[in-house]
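S.K.: Mind folding the following:
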Amino acid sequence: YKIQDAICIGFNVLTQLGVECSSSPPDRNAMVKEAMEIKMTLTQLTDAEILNFREMKDNDVTTAMKFLQILCVYGYLAKQQYVLFFIITMVKLTLRHGICK
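M.R.: Coordinates of the predicted model:
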């Protein structure tokens, strides 16, 4: 139960940091569709363009990325239906705000 509690806390933190998310399980079909859209976006970028993404400057987004990284592990351990959501959110934030360290 502690991992599930940590995931709930993570969702609350993400919301406070301005990342749209819901603690209810994401719709799998919507997630797959979004993953395919991201794939299309990424295939239009060259390796050089990806490597030259700007550095993420927004501290809230950087903090959200750290939480999402941890939530990926917790999701894998306890709530697999959330893992794709966490990964997609991280990629979207990277495309929008740049690369974080």
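S.K.: need the longest helix for the protein.
M.R.: Ordering each helix of the chain by length in residues (DSSP state H) puts helix 59-78 first.
S.K.: what's the angle from the helix or strand just after that one to helix 59-78?
M.R.: Per DSSP states H and E, helix 59-78 leads on to helix 83-97 as the next helix or strand towards the C-terminus. Note on geometry: by axes from the mean of the first three to the mean of the last three Cα atoms, to 10 degrees, helix 83-97 and helix 59-78 are set 160 degrees apart in direction.
S.K.: Can you give me the buried ones in helix 83-97?
M.R.: Neighbour-count burial for helix 83-97, counted by 16 or more other Cβ atoms under 10 Å, picks out 83-94, 97. No exception for glycine: its C-beta is placed from N, CA and C like everyone else's.
S.K.: what stretches of this protein score poorly on pLDDT?
M.R.: Along the chain, segments meeting pLDDT under 70 are nowhere present.
S.K.: before we move on, back to that, chain center to the longest helix of the chain, what's the gap?
M.R.: Once both centres are worked out by Cα atoms, centre = their mean, to the nearest Å, helix 59-78 turns out to sit 7 Å from its chain's centre.
S.K.: Repeat that for stretch 71-86.
M.R.: Stretch 71-86 has its average C-alpha position 10 Å from the chain's average C-alpha position, going by Cα atoms, centre = their mean.
S.K.: Spatially nearest residue to Met90 (excluding sequence neighbours)?
M.R.: The spatially closest residue to Met90, leaving aside those adjacent along the chain, is Leu68, at 4.9 Å (Cβ to Cβ, 6 or more residues apart in numbering).
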